[in-house]
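> Make a model of this:
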Amino acid sequence: MMRPRNSIQSPERCAAVVRRRPGVPPLRGAGPPSLTFVLMVPLSLSLIAACTTSTIPAEWTVELAEAMTVGAAPESRETAFYMPAAIGFDFKNRMFVLDSGNHRVQIFGPDGQFERSLGSYGAAPGNLASPMGMWVYPDGSLVVADARNRRLQLYGASGGTLDTIPLDFAPLDVIGTKDRLFVLRLAQASMIMGPDERSLVHVLDRSGAPVDAFVDATEAQAGILYLLRNTFCVAPGPAGGIALSDTHFASRIRIFSPGGALQRDIPVLYKAGAWAPLGRQPATLNDETLDRIAKTASDLAWDPLRRVYWLLAGYSDQDPDGEWVIGQEIYRYAADGSYRGSAMLPFRGTILAVAPDGKIWIADIDGVLHGFVVRDPDMESLIPAPAAPASRTAR
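Got it, this is the predicted structure:
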């Protein structure tokens, strides 16, 4: 069941991370008094000018407070997860958890109480076999990417089993809109037959009829290298399309229109992994070099209003005492791709979702779901207040 948690205050639990503008070194030490005075005058004037202009600052502090968990101390089979693969919400703020290892979908109410389970292992309609992705519509109906059965399984808002949509590939994830389904395909490669050259995103209408396909696979050597280069996280885009984040090699997020046109290619700013020397910054750190030292992204999620998106990514760095800190962070970006700060997580995360009430939910490697509240004044400038209701005066 869902349990309240204390706010995270200490850096050991969940530290807000603030970085200086790329390319600007920190001020260290003090020079001669006269030189310091000469330098302080223009510096003070520049700071005053910066405060009076409308320019957006380079960095933000993202403060997270862990509010509750699901599955931390399961009291029954219904509240225990094995390899959760996706989290979704309906307009009532009910949480749907795709419990992949148990071949089911678990539904929890807004208060965290378990409501019901959908699916069980098998190939019959309504059954699931190693599902990998899920899309929840606002009314509570959902589509599950049933990977091993190579199909989409549809459930109604009341939980009843609807149709299945057969596929000729294993689906990794699915995004639904009013009239379209965007299905992410598992790339396939064979050391004997060579790479599979079909598109990676297949577009269907709501009945399952093929409409389009886009995102060509990246050419590479057959086998594991081909698979790594063509594995992505998928999320809904800000205007009815989709967003793809590379999970290996390329540190970027690409946003596509509903018709498959590339609208934006956003370099990711995080750093980690073997391609960077233990996360150390290059000698010349700037906007161009930052996007070359990233490694992996675990998941990508938009907020309900599609004004901000969050990226769950790898992290490694040194603390002031020189000790290496290896964990994960979430990175925040505005819809135009501008970086809006990051926060370190106290655990290794696997999947990410944002609820209608604004909570950020992250699953850790042990299958526990953590709900975080974002405390950040900058969010007010990114997510506008709802408009006042229109007058209903009778005429």
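
> what's next to stretch 229-239, contact-wise?
By Cβ atoms under 8 Å, 6 or more residues apart in numbering, the list of residues contacting stretch 229-239 from outside reads 133, 172-173, 175, 177, 182, 184, 187, 200-201, 217-218, 220, 242-250, 255-258, 263, 297-302, 306-307, 309, 335. Backbone N, C-alpha and C define where each C-beta goes, glycine included.

> Kindly report the same for stretch 109-116.
1-3, 68, 70, 76, 78-79, 92-94, 106-108, 159.

> Endpoints of it, how far apart?
9 Å (Cα to Cα, to the nearest Å).

> got it, and stretch 108-115?
By Cα to Cα, one end of stretch 108-115 lies 5 Å from the other end.

> Same question for stretch 143-162.
This stretch, stretch 143-162, spans 10 Å end to end (Cα to Cα).

> Next: stretch 76-83.
17 Å.

> List the contacts of the nearest residue to Tyr226 once chain neighbours are set aside.
Take Tyr226 and drop its neighbours on the chain: the residue closest to it by Cβ to Cβ, 6 or more residues apart in numbering is Ala189, 3.9 Å away. Taking Cβ under 8 Å, 6+ apart as the criterion, Ala189 is in contact with 195-196, 222-224, 226-227.

> is Ala189 in a bridge, and if so with what?
Pro195 (DSSP bridges).

> Which pLDDT value goes with it?
On pLDDT, Ala189 comes in at 85.

> Kindly report the same for Pro389.
44.

> next one: Asp299
You'll see Asp299 listed with a pLDDT of 91.

> looking at it, it is touching Thr350, isn't it?
Yes - the pair Asp299 / Thr350 is scored as a contact, 7.3 Å apart, by Cβ atoms under 8 Å.

> So for those two, which sits in the more crowded spot?
Asp299 (23 against 18; other Cβ atoms under 10 Å).

> Now tell me what touches the strand or helix carrying the more buried one from outside.
Using DSSP states H and E, Asp299 falls within strand 297-302. If you take Cβ under 8 Å, 6+ apart as the criterion, strand 297-302 is touched by 233-238, 243, 245-247, 251, 253, 268, 270, 308-314, 328, 349-354, 360.

> go with 7 Å
Outside strand 297-302, the residues within contact range by Cβ atoms under 7 Å, 6 or more residues apart in numbering are 233, 235-236, 243, 245-247, 253, 268, 309-313, 349-354.

> Name every strand pairing with that strand and say which way it goes.
Short version: by DSSP bridges, strand 297-302 pairs with strand 308-318 (antiparallel).

> Stretch 209-228: which residues count as buried?
Within stretch 209-228, the residues that count as buried by 16 or more other Cβ atoms under 10 Å are 213-215, 217-218, 220, 226-228.

> Let me know the closest of these to Glu63.
Leu228 (34.3 Å; Cβ to Cβ).

> picking up where we left off before, most neighbours, which of the contacts of stretch 109-116?
For these, neighbours tallied by other Cβ under 10 Å; top is Val70, 25 neighbours.

> Please tell me I have it right and that residue contacts Leu369.
Yes - the criterion here is Cβ atoms under 7 Å, and Val70 meets it with Leu369 at 4.1 Å.

> pLDDT score assigned to the residue lying closest to Tyr155 once chain neighbours are set aside?
Nearest non-adjacent residue to Tyr155, counting by Cβ to Cβ, 6+ apart: Leu142, 5.1 Å away. pLDDT, Leu142: 96.

> try Arg5
Taking Arg5 on its own, its pLDDT is 37.

> Can you tell me who Met68 pairs with across the strands?
Pro4, Gly371.

> follow-up on the earlier one: could you measure from the residue nearest to Tyr226 over to Ala123?
Distance, Ala189 to Ala123, using Cβ to Cβ, to the nearest Å: 26 Å.
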